[in-house]
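Visitor: What would the 3D arrangement of this be:
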Amino acid sequence: VRGPRGYDAAKKLVGRKRVALVDAEGHVLGLAVVPANVQDRDTLTALDNGKAAWPSLRLAILDGAFTAERCKDWCHLHGMRHRVVEKDPDQKGFVVLERRWLVERTFGWLSHWGGLLRERAGRLDVATGRLTCVACLMAANALNNPA
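Guide: Okay, the predicted model is just below:
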């Protein structure tokens, strides 16, 4: 794949990261694709357009990687409260943490729509557009088949 790529040693990921802004049900409100070498806490600015389209969002539930002061500043700039959900230091094994599974579940839904397991687009905006198109297909399917 041509275009911006990177390596995230913590996640052992080569290529790109997908960043999503979702509501409490897991519906996609904003998407972005960034090179993998961008720190998680620096990806919030990629979601500015998504937040601007949904001014009613009032609470940001974030991963433990978003503890930096600039993450709080980003949330306050957009009129949201900032809450970081971190695992207990004494935790052993797998434990489901509050609301952190929503984004992962949404990415799982997106991967069912074929062609998204591998990154085929060279440009970041094209990759984001492909994700957005699939999110729109998911929304149309949910409206067509309310289950």
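Visitor: Grab the longest helix from this protein for me.
Guide: Ranked by residue count, the top helix of the chain under DSSP state H comes out as helix 124-144.
Visitor: Buried residues in that helix, which are they?
Guide: 124, 127, 128, 130, 131, 134, 135, 138 (16 or more other CB atoms under 10 Å). Where you see a C-beta, it was placed from the backbone N, CA and C, and this is true even at glycine.
Visitor: One more: stretch 68-87?
Guide: Quick answer for stretch 68-87 (16+ other CB under 10 Å): 71, 72, 74, 75, 78, 80, 82.
Visitor: List of residues touching it?
Guide: 41, 44-45, 48, 51-52, 55, 57-64, 66-67, 95, 97-100 (CB atoms under 8 Å, 6 or more residues apart in numbering).
Visitor: Looking at the buried residues of stretch 68-87, which are in helices?
Guide: Mapping the buried residues of stretch 68-87 onto helices (DSSP H) picks out 71, 72, 74, 75.
Visitor: State the distance from the second one to residue 41.
Guide: Between residue 72 and residue 41 the distance is 10 Å, computed by CB to CB, to the nearest Å.
Visitor: Which parts of this structure are strands?
Guide: Secondary structure of the chain (DSSP state E): strands located at 6-8, 13-22, 28-35, 59-62, 81-84.
Visitor: circling back: a markdown table please, covering the buried residues of helix 124-144 and showing pLDDT and distance to residue 112.
Guide: Formatted as a markdown table, the buried residues of helix 124-144 follow (pLDDT from 0 to 100; distance: CB to CB, whole Å):
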| residue | pLDDT | distance to residue 112 |
| --- | --- | --- |
| 124 | 82 | 23 |
| 127 | 83 | 18 |
| 128 | 83 | 19 |
| 130 | 84 | 14 |
| 131 | 84 | 13 |
| 134 | 85 | 9 |
| 135 | 86 | 12 |
| 138 | 83 | 9 |
